[in-house]
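Trainee: Requesting a structural model of the entry that follows:
(one chain, ligands or ions: 3)
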Amino acid sequence: MYGVWTPEQVRAAEEPVLARTPEGALMRRAARGVAQVALAELARRTGGVTGRRVVVLTGAGNNGGDGLWAGYELRRRGVAVTAVLLSPDRAHPAGLAALRKQKGRVVTAVEHGVAAVDRADLVLDAIVGTGASGGLRPEAATLADAAATAGVPVVAVDIPSGVDPLTGVPGERSVHAAATVTFGARKPVHVLAAPRCGPVTLVDIGLGPELPPAPVTVLEAPDVGARWPVPAPGDDKYTQGVVGVAAGSATYPGAAVLAAGAAALATSGMVRYAGSAADEVRAAWPEVVATDTVGEAGRVQAWVVGPGLGTDDAGAQTLADVLDAGLPVLADADAVTLLGQHAELREKAAGAPVLITPHAGEFARVAELSDDRVGSTRRAAADLGVTVLLKGNATVVAAPDGRVLVHPAGSAWLATAGTGDVLSGVAGALLAAGLDPWWAAGCAAFVHARAAEIGADGAPVPASGVQRALPAAIRAVREEAR
Ligand SMILES: NC(=O)C1=CN([C@@H]2O[C@H](COP(=O)(O)OP(=O)(O)OC[C@H]3O[C@@H](n4cnc5c(N)ncnc54)[C@H](OP(=O)(O)O)[C@@H]3O)[C@@H](O)[C@H]2O)[C@@H](O)CC1
Ligand SMILES: Nc1ncnc2c1ncn2[C@@H]1O[C@H](COP(=O)(O)OP(=O)(O)O)[C@@H](O)[C@H]1O
Ligand SMILES: [K+]
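Mentor: Ligands and ions are numbered 1, 2, ... in the order given. Below is the predicted model of the structure:
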């Protein structure tokens, strides 16, 4: 696992390090890291570096300074470097002098910059970093657009300019990077807008001891694989945690089949189903013990409730029954809507081991959702007293105690109907196995996204295909944990 820190925290950590290191040393180290990545990109894309053309889009702050010093390093390796200065009077003096001394070309008119970008092999985006405010200004945007139009790959310095460093929300015109080089610590943009950043390289500039505990965590395969529940020699079907699924309806039996099947594939042991899709569930998953009502279901260690349930009185009663059982509960889809509608259901859930898994629309029914998805999810968890998983390309999970994780999906294949039902079955099974809701959510989101990649393998995959790929995904993360 690794941490993510806010730009403000990174700036605060930089201060003491800057104070005890020679002037400019940090920036030089950062710039060498940028140059290394740029050289590797040039070599990979063009087969060499000498004589290749790199354009540095240079803002007036320290981000621009990084770019100029990286240009200096590239010149020393024989690269033809042109710096386009967006604020010629305020360009980083030492960086600019160094680049000029190495015979780097410097232009200031935007049209000359655009012409240079058109002919470039690679662009370095050193327009703005953590000091960004608002979307890109027009001249900067013109240059960023020129790179996109010409199809020239961009290496972003610290962050892709025009994308909000804290929320990851891209401005109307903003940089789409092929790779990003960041310094000291990863920032929220790198995981909330991962597709905008490309692969992120972290350059160590010695901030480690100065950083506070990470406000946001990202799980990696070994974290998930090591926690995935598997049967021990002394186990039987009951001891591993029985999961109950209260989902589906006459109108939506598919949701029950997807959730119950996913639960059966996620962990060993046993799955019970309670609801009006019992026949369909039995037909698809003969190992699932299916009954018509929660009351008849028998003992379970956690409930999944909500997918396809309906939001009528019967649905509300089912949710109330499940919450009254006092067990861990995963509430998804219609169960989230019902929580939004009924204060007494929210009261039952508050403080209990409940995990809710809304998409943005469902989230807005229980809490306020702003562009700051991490902040919104953290607040919702604290206010509702339950763990919240906000779905999307980057999944955000917050526990009421303030722990937050983000899972950046490696692809968007999950954007298809029914995949949320699969996720609920997986997360519910992990709750039944005894994982705390935050870990259950994080591990489920990870394996779910991996299953989508395996199931898709380059072509669209429906939710049932994602469900079928769960064993391969679990196998893969367990393998990576060895
Ligand atoms: N501290 C350190 O030791 C180290 C710091 N490091 C580096 O410093 C970076 C932070 O530098 P920073 O604080 O100087 O701010 P920075 O990101 O360059 O932005 C300010 C400039 O951008 C401009 N600008 C603002 N918004 C804009 C927009 N929307 N569109 C266009 N322009 C916009 C703004 O213009 P102004 O408002 O002044 O006119 C000003 O000129 C950090 O990301 C990392 O790369 C590394 O070297 C490691 C060591
Ligand atoms: N663009 C995307 N990239 C990656 N994952 C996505 C994307 N859009 C949706 N997802 C994921 O797909 C799933 C969709 O769930 P949900 O909206 O509940 O669908 P349904 O209700 O049809 O089952 C969630 O896990 C969500 O995080
Ligand atoms: K940048």
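Trainee: Quick check: chain neighbours aside, which residue is closest to residue 24?
Mentor: The shortest distance from residue 24 to any non-neighbouring residue, by Cβ to Cβ, 6 or more residues apart in numbering, is to residue 94 (6.0 Å). Glycine gets a C-beta too; all of them are placed from N, C-alpha and C.
Trainee: count of neighbours near residue 202?
Mentor: 15 (other Cβ atoms under 10 Å).
Trainee: In this structure it contacts residue 182, no?
Mentor: Yes - here residue 202 lies in contact with residue 182, judged by Cβ atoms under 8 Å, at a distance of 5.7 Å.
Trainee: For the stretch 51-200 of the chain, which segments count as strands?
Mentor: For the stretch 51-200 of the chain, strands defined by DSSP state E, counting those that start in this stretch occupy the ranges 53-58, 80-85, 105-107, 122-126, 154-157, 179-183, 200-203.
Trainee: Just the pLDDT for the residue nearest to residue 24.
Mentor: We have a pLDDT of 98 for residue 94.
Trainee: Can you give me the distance of it to ligand 3?
Mentor: 19 Å (Cβ to the ion, to the nearest Å).
Trainee: Give the full set of residues in contact with that residue.
Mentor: 24, 65, 69 (Cβ atoms under 8 Å, 6 or more residues apart in numbering).
Trainee: got the contact list for residue 308?
Mentor: For residue 308, the contact set (Cβ under 8 Å, 6+ apart) comprises 247-249, 251-256, 277, 333-334, 421.
Trainee: Next, it: phi, psi?
Mentor: Backbone torsions for residue 308, taken as degrees, to the nearest 10, come to phi 70, psi 10.
Trainee: any idea how far residue 259 is from it?
Mentor: 8 Å (Cβ to Cβ, to the nearest Å).
Trainee: which residue packs closest to residue 49, ignoring adjacent ones?
Mentor: With Cβ to Cβ, 6+ apart, the residue lying closest to residue 49 is residue 42, at 4.9 Å.
Trainee: do the helix or strand hosting that neighbour and ligand 3 meet?
Mentor: Using DSSP states H and E, residue 42 sits within helix 25-46. No - Helix 25-46 is not in contact with ligand 3 by Cβ under 5 Å from the ion; minimum separation 10.0 Å.
Trainee: and that helix with strand 80-85, angle?
Mentor: Interaxial angle of helix 25-46 relative to strand 80-85 (axes from the mean of the first three to the mean of the last three Cα atoms, to 10 degrees): 130 degrees.
Trainee: Could I have the CA atoms of helix 25-46 written out in CSV?
Mentor: These are the backbone C-alpha positions of helix 25-46, laid out as CSV (Å, rounded to 0.1, in the frame of the first residue of the first chain):
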residue,chain,number,x,y,z
ALA,A,25,19.2,21.3,-4.5
LEU,A,26,15.7,19.9,-4.2
MET,A,27,14.7,21.4,-7.5
ARG,A,28,17.8,19.9,-9.2
ARG,A,29,17.0,16.5,-7.8
ALA,A,30,13.4,16.8,-9.0
ALA,A,31,14.6,18.0,-12.4
ARG,A,32,17.0,15.0,-12.8
GLY,A,33,14.0,12.7,-12.1
VAL,A,34,12.0,14.4,-14.8
ALA,A,35,14.9,14.2,-17.3
GLN,A,36,15.3,10.5,-16.6
VAL,A,37,11.7,9.8,-17.4
ALA,A,38,11.8,12.1,-20.5
LEU,A,39,14.9,10.3,-21.8
ALA,A,40,13.3,6.9,-21.3
GLU,A,41,10.2,8.0,-23.1
LEU,A,42,12.2,9.4,-26.0
ALA,A,43,14.3,6.2,-26.3
ARG,A,44,11.2,4.0,-26.2
ARG,A,45,9.2,6.1,-28.7
THR,A,46,11.9,7.2,-31.1
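Trainee: Excluding chain neighbours, what is closest to residue 129?
Mentor: Here the nearest residue to residue 129 in space, its sequence neighbours aside, is residue 63; by Cβ to Cβ, 6+ apart that works out to 3.3 Å.
Trainee: need the contact list for that neighbour.
Mentor: Per Cβ under 8 Å, 6+ apart, neighbours of residue 63: 126, 127, 128, 129, 130, 131, 157, 158, 161.
Trainee: Can I get these in JSON lines including distance to residue 442 and neighbour count?
Mentor: Converted to JSON lines, the contacts of residue 63 look like this (distance: Cβ to Cβ, whole Å; neighbours: other Cβ atoms under 10 Å):
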{"residue": "126", "distance to residue 442": "34", "neighbour count": "33"}
{"residue": "127", "distance to residue 442": "34", "neighbour count": "32"}
{"residue": "128", "distance to residue 442": "32", "neighbour count": "29"}
{"residue": "129", "distance to residue 442": "29", "neighbour count": "27"}
{"residue": "130", "distance to residue 442": "27", "neighbour count": "21"}
{"residue": "131", "distance to residue 442": "32", "neighbour count": "14"}
{"residue": "157", "distance to residue 442": "30", "neighbour count": "35"}
{"residue": "158", "distance to residue 442": "27", "neighbour count": "30"}
{"residue": "161", "distance to residue 442": "31", "neighbour count": "30"}
